[in-house]
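Engineer: Have a look at this prediction, sequence included:
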Amino acid sequence: MESATAHPSGEPFSVSQYGGLAFTPDQVRVAAAVHTEQIVTRQDRQTVDADRSGAVTDAERARYARTACADLANQFEVRVNGERLVWTVVPGDYRYEADAAGLPTAMLTCDLSAPAGLSTPATVSIANRHRLDQNGWRELTAVGSGVHIVDSPVPEHSVSDQLRAIPPPDALVLNVRTANLRIEPGAATARPPDPTVPATDGGLVAAGTTWAERRFEALATGRLTPLVVVLAVLLAVLLGAGHAALPGHGKTVLAAYLAGRRGRPRDALAIGATVTASHTGAVLLVGALISTSTAFAGDRLLAYLGVISGSLIIVVGIGMIGTAARRRAGQSHDHEHPHDHHTHTHTHAHGHSPRPGRLGLAGIGLAGGLVPSPSALVVLLASIGIGRATFGVLLVLAYGIGMAGTLTAAGLLLLALQGRIARSQGTPARLLARLRVAAPAVWPLLTPALVLVVGAGLVVRGGAGLF
């Protein structure tokens, strides 16, 4: 397993926690550890640096460790036979550690102890409510000395080496906030070893993306030369393009919107430009909020932006339905057509699809770039921290251009494919024609329905991060 400073998850907002419980006949002890990733560490630094000097002293770290450990003790609840234990807190240490890109993360360690009557059978309930609003690992272990745990639901040994190593991504024991134990006196019988889960690397794509993000962060904070600046900007563009290629960045909505509204190449280009502007603005806004205040949890800000992004897409979908309804209401009307021998009047329908409106295009582009990339945020904040704010903004802009490039390319590819199908006489064209004839009332609503479904999905996903 890798070092805990290797920035394992690509989630710079995460706060990971470990609680190792040790039971004896007359006492419960907890060895606790809290590891914060880059952005959370930067936010916490505003509290650690009490005199706002810009440099954290040993005395300030020790003072913060005492306060943070007392807060953890208040929120780490253990009850024996329903009676809550009162902890004696021994602050351990609060130290900064550099991740693989050289950016600071932090580790807090604390020791908690409390008297407990476990010389007779007892039930023990555990609830870790420390920093509940932030994502990250939550690991519990439990061992007994002079007592034993009956059918323990938590392991004896830490799969993360008490947050010093990266556990396997499918180690389910890392999402444990609560546990109920049954303690009985006497030494335990031989217990089977804790199950081991083979480590996985997430595949070549995940490994390549992680490597590129680390190089990006290292370039942004390393020694600047003209070559390094060029390489950092190019890598930012490539990372932005790769980020937009992942699920959840509006490609489905873009495709449905352009297909349902007879989009043109310039519409795809307009959406790409809006994505660049909205992503750059979102990164700068979120970066300003989390760098100037500890009141904003970064992952929750992103979740709110996800809800807003999905809501914008829903509004666009509703607008598409309204347009389709108005078209249908005025679709059949009388025309006079001159012929060689006579003029006659008849009623027929025109199948013209409306061109994309500016508001719809703006909504799609804004939604596509509204949720900032965590990597772009890390680079911006790290650049500001070392006095390179302009360079950080340049990299964020390049990242947004990369995202826009992917979305624009997806839109242009779709339009080219749509035009080719329309001009062909093959099976796809005949099938689409039959569908329009067979379901004239339903066909115009298919693409708006798809847009609504995607928007609702983004709202649900963003909302899940808030609760």
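Structural biologist: Right, received. Where do you want to start? Computed from a predicted model, the values in this text were never measured in an experiment.

Engineer: Quick one: the helices in the stretch 151-300 of the chain, in order.
Structural biologist: Along the stretch 151-300 of the chain, the stretches classed as helices by DSSP state H, counting those that start in this stretch are 203-221, 226-245, 251-260, 265-292, 298-329.

Engineer: if I pick the closest residue to residue 305 other than its chain neighbours, what's in contact with it?
Structural biologist: Counting by C-beta to C-beta, 6 or more residues apart in numbering, residue 305 lies nearest to residue 371, which is 4.8 Å off, once chain neighbours are set aside. C-beta coordinates here come from the backbone N, C-alpha and C atoms, glycine included. Residues in contact with residue 371 (C-beta atoms under 8 Å, 6 or more residues apart in numbering) are 282, 302, 305-306, 309.

Engineer: just residue 33 next, same as before
Structural biologist: Neighbouring residues of residue 33 by C-beta under 8 Å, 6+ apart: 17-18, 107-110, 162-163.

Engineer: thinking again about what came up before, which of the helices of the stretch 151-300 of the chain has the highest mean neighbour count?
Structural biologist: Ranked by mean neighbour count, the helices of the stretch 151-300 of the chain are led by helix 251-260 with a mean of 23 (mean count of other C-beta atoms under 10 Å).

Engineer: Out of the contacts of residue 33, which is nearest to residue 139?
Structural biologist: residue 18 (4.7 Å; C-beta to C-beta).

Engineer: helices or strands up against whichever helix or strand that closest one is part of?
Structural biologist: Here residue 18, judged by DSSP states H and E, is contained in strand 15-24. Contacts defined by 3 or more C-beta pairs under 8 Å, 6 or more residues apart in numbering; DSSP states H and E place strand 15-24 against strand 27-36, strand 122-128, strand 138-144, strand 147-149.

Engineer: Burial check on residue 94, number of neighbours?
Structural biologist: Neighbourhood size, residue 94 [other C-beta atoms under 10 Å]: 24.

Engineer: helices or strands up against the longest helix along the chain?
Structural biologist: Once the chain is assigned using DSSP state H, the helix that runs over the most residues is helix 389-423. Helices and strands touching helix 389-423, by 3+ C-beta pairs under 8 Å, 6+ apart, are helix 203-221, helix 226-245, helix 251-260, helix 265-292, helix 358-369, helix 374-385, helix 427-438.

Engineer: could you redo the last one with a cut-off of 6 Å?
Structural biologist: Packing partners of helix 389-423 (3 or more C-beta pairs under 6 Å, 6 or more residues apart in numbering; DSSP states H and E): helix 226-245, helix 251-260, helix 265-292, helix 374-385.

Engineer: still on that earlier bit, now the contacts of residue 371 as CSV including pLDDT and distance to residue 397?
Structural biologist: Shown next, in CSV, are these (pLDDT from 0 to 100; distance: C-beta to C-beta, whole Å):
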residue, pLDDT, distance to residue 397
282, 87, 12
302, 81, 19
305, 85, 19
306, 84, 22
309, 84, 20
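
Engineer: Just the closest of the residues you listed to residue 73, please.
Structural biologist: For the contacts of residue 371, the nearest to residue 73 is residue 302 (29.8 Å; C-beta to C-beta).

Engineer: nearest residue to the closest one other than its sequence neighbours?
Structural biologist: Distances taken as C-beta to C-beta, 6+ apart place residue 371 nearest to residue 302, at 5.9 Å, with adjacent residues excluded.

Engineer: From residue 458, how far out is that neighbour?
Structural biologist: According to C-beta to C-beta, to the nearest Å, residue 371 stands 9 Å off from residue 458.

Engineer: what is in contact with those two at once?
Structural biologist: Listed as contacting both residue 371 and residue 458 by C-beta atoms under 6 Å, 6 or more residues apart in numbering are 306, 309.

Engineer: which one of the helices of the stretch 151-300 of the chain lies closest to residue 74?
Structural biologist: Counting by C-beta to C-beta, residue 74 lies closest to helix 298-329 out of the helices of the stretch 151-300 of the chain; the figure is 21.5 Å.

Engineer: circling back to that earlier point, secondary structure element holding the residue nearest to residue 302?
Structural biologist: Using DSSP H and E, residue 371 sits within no helix or strand.

Engineer: partner residues bridging residue 149?
Structural biologist: Taking DSSP bridges as the rule, residue 149 bridges to residue 183.

Engineer: remind me which residues of the stretch 301-450 of the chain are low pLDDT?
Structural biologist: Low-confidence segments of the stretch 301-450 of the chain (pLDDT under 70): 328-358, 418-419, 421-444.

Engineer: let's see 80
Structural biologist: Within the stretch 301-450 of the chain, the stretches with pLDDT under 80 are 320, 322-365, 367-369, 374-375, 378, 381-387, 407, 410-412, 414-450.

Engineer: Same check on the stretch 1-150 of the chain?
Structural biologist: Low-confidence segments of the stretch 1-150 of the chain, defined by pLDDT under 80: 1-12, 98-103, 133.

Engineer: about what we covered before: nearest to residue 47 among the helices of the stretch 151-300 of the chain would be which one?
Structural biologist: Across the helices of the stretch 151-300 of the chain, closest to residue 47 is helix 265-292 (C-beta to C-beta), at 13.0 Å.

Engineer: Kindly reformat the helices and strands packed on strand 15-24 as CSV and extend each row with distance to residue 243.
Structural biologist: Listed next are those as CSV, based on distance: least, C-beta to C-beta, whole Å:
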stretch, distance to residue 243
strand 27-36, 23
strand 122-128, 33
strand 138-144, 27
strand 147-149, 45
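
Engineer: Ok, which of the ones you listed comes nearest residue 376?
Structural biologist: Across these, residue 376 has its closest neighbour in strand 27-36 (19.5 Å, C-beta to C-beta).

Engineer: Quick check: next helix or strand after the closest one?
Structural biologist: Downstream of strand 27-36, the next assigned helix or strand under DSSP H and E is helix 38-48.

Engineer: Buried residues, that next one. List them.
Structural biologist: Neighbour counts over helix 38-48 (16 or more other C-beta atoms under 10 Å) mark 38-45, 48 as buried.

Engineer: Present those as a markdown table; the columns should include distance to residue 243.
Structural biologist: As requested, the buried residues of helix 38-48 are exported to a markdown table (distance: C-beta to C-beta, whole Å):
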| residue | distance to residue 243 |
| --- | --- |
| 38 | 17 |
| 39 | 17 |
| 40 | 21 |
| 41 | 23 |
| 42 | 21 |
| 43 | 23 |
| 44 | 26 |
| 45 | 27 |
| 48 | 31 |
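
Engineer: what sits against the residue nearest to residue 314 when sequence neighbours are not counted?
Structural biologist: Spatial nearest neighbour of residue 314, chain neighbours left out: residue 455 (3.8 Å); criterion: C-beta to C-beta, 6+ apart. Residue 455 is in contact with 310, 313-314, 317, counting by C-beta under 6 Å, 6+ apart.

Engineer: If we use 8 Å, what do you get?
Structural biologist: Applying C-beta under 8 Å, 6+ apart, one finds that residue 455 lies in contact with 253, 310-314, 316-317, 367.
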